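J.: how would this look folded up:
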Amino acid sequence: MYFKKKPTVIEAVQLNWKNWNEVCELVGDMISVTNPGRYGDASDPCGEQPPFINVTVATPEGPVTALHGDWIVKGYSTDLGFHHWPVKPDYMRENYEVTEDKPAWPEDPKAINEDEV
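T.: Below you'll find the predicted structure:
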């Protein structure tokens with residue numbers, strides 16, 4: 001699912017059991033044996049019953065815990081490359097809208113960076 005924050009398009013998935021496969025796909029190797037999803041509190045239970053899931057997200061500012069119901073956002077910038085951060089559900093509702101547009105980031109940022117050198 002894609003969302004647009006005027007004027008930026010990001011990719012995001014809400015952290016919950018129903019979307020667990022999509023969460024794993026979005027964050028890739030960030031979820032691992034050393035950083036598994038784990039039971040915890042919920043910021044927004046999304047209509048799901050406990051147990052709730054939490055996961056640590058490696059952000060450019062350092063590790064942050066995403067709670068069940070938070071959105072995990074994927075973005076790209078030339079100085080940081082691909083990066084993720086958690087967003088609370090109310091902030092997501094107020095600042096982003098669903099869009100059919102895809103994010104305008106490079107398919108292979110390493111190739112882009114090498115060409116710029």
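J.: Assign residue 19 to helix, strand or coil.
T.: helix (DSSP: H, G, I helix; E, B strand; the rest coil).
J.: what number of residues lie near it?
T.: Residues lying near residue 19 (other C-beta atoms under 10 Å) number 17. Bear in mind the C-beta positions are built from the backbone N, C-alpha and C, glycine included.
J.: What residue, apart from its backbone neighbours, is nearest it spatially?
T.: Excluding the flanking residues, the one nearest residue 19 by C-beta to C-beta, 6 or more residues apart in numbering is residue 13, at 5.2 Å.
J.: ditto for residue 101
T.: Of all residues apart from its sequence neighbours, residue 9 sits closest to residue 101 (C-beta to C-beta, 6+ apart), at 5.1 Å.
J.: what sits against residue 35?
T.: 55-56 (C-beta atoms under 8 Å, 6 or more residues apart in numbering).
J.: so how far is residue 107 from residue 71?
T.: Residue 71 is 23 Å from residue 107, where distance means C-beta to C-beta, to the nearest Å.
J.: When these two are compared, which one has more neighbours?
T.: For residue 71 versus residue 107, neighbours defined as other C-beta under 10 Å are more numerous around residue 71 (23 against 6).
J.: Please, which helix or strand holds residue 25?
T.: Using DSSP states H and E, residue 25 sits within helix 20-27.
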